[in-house]
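Visitor: this one's sequence-less:
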């Protein structure tokens, strides 16, 4: 079931998120696939269709996130909230591997989000390698 998102709100989100996934930072330009709109707190769990609760997500991150809001940190086994791109800073929770192909977790939230959203699946890691050697990745900010 999809939720109606007004065009003005979509434009605000796209401008703020720079047409890239707020979780794995894949850009729409690199992937060639339009981003989806993710309810950070899903509607099924009471989340509203507001700027504060919506972000852009690539199809892979959005599919694996589904209605998940927390996951297990693979290092500690602790259940922690997933990364919230509207209230948390990406660089506080994630960094790039030395070759820029893998997202690495800096916190329990980062590690749990990477695992839950399968942010380092073989297809995207291969794509990031090609983007990196072309100078298109990682994002400068």
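Guide: Looks like it arrived, so ask away. As the structure is a prediction and not an experimental result, all values here were calculated from the model. Numbers count the residues shown, from 1 in each chain.
Visitor: can you name the element that comes right after the helix or strand harbouring residue 12?
Guide: In the assignment (DSSP states H and E), residue 12 maps to helix 7-17. Going down the chain from helix 7-17, the next helix or strand is helix 28-31, by DSSP H and E.
Visitor: what average pLDDT does that next one get?
Guide: Averaged over helix 28-31, pLDDT sits at 95.
Visitor: help me confirm that residue 44 comes into contact with residue 67.
Guide: Yes: using CB atoms under 8 Å, residue 44 is in contact with residue 67, at 5.1 Å. To be clear about C-beta, it is placed using only N, CA and C from the backbone, and glycine gets the same treatment.
Visitor: residues contacting the spatially closest residue to residue 65 that is not a sequence neighbour?
Guide: In this structure, residue 65 finds its nearest non-sequential neighbour in residue 117, 5.4 Å apart by CB to CB, 6 or more residues apart in numbering. Applying CB atoms under 8 Å, 6 or more residues apart in numbering, we find residue 117 in contact with 23, 24, 60, 61, 64, 65, 82.
Visitor: what is the most widely separated pair among those?
Guide: 60 and 82 (14.8 Å; CB to CB).
Visitor: give the rounded mean pLDDT of stretch 130-141.
Guide: On average, stretch 130-141 scores 94.
Visitor: pLDDT below threshold where in the chain?
Guide: By pLDDT under 70, the weakly predicted segments of the chain are 1-2.
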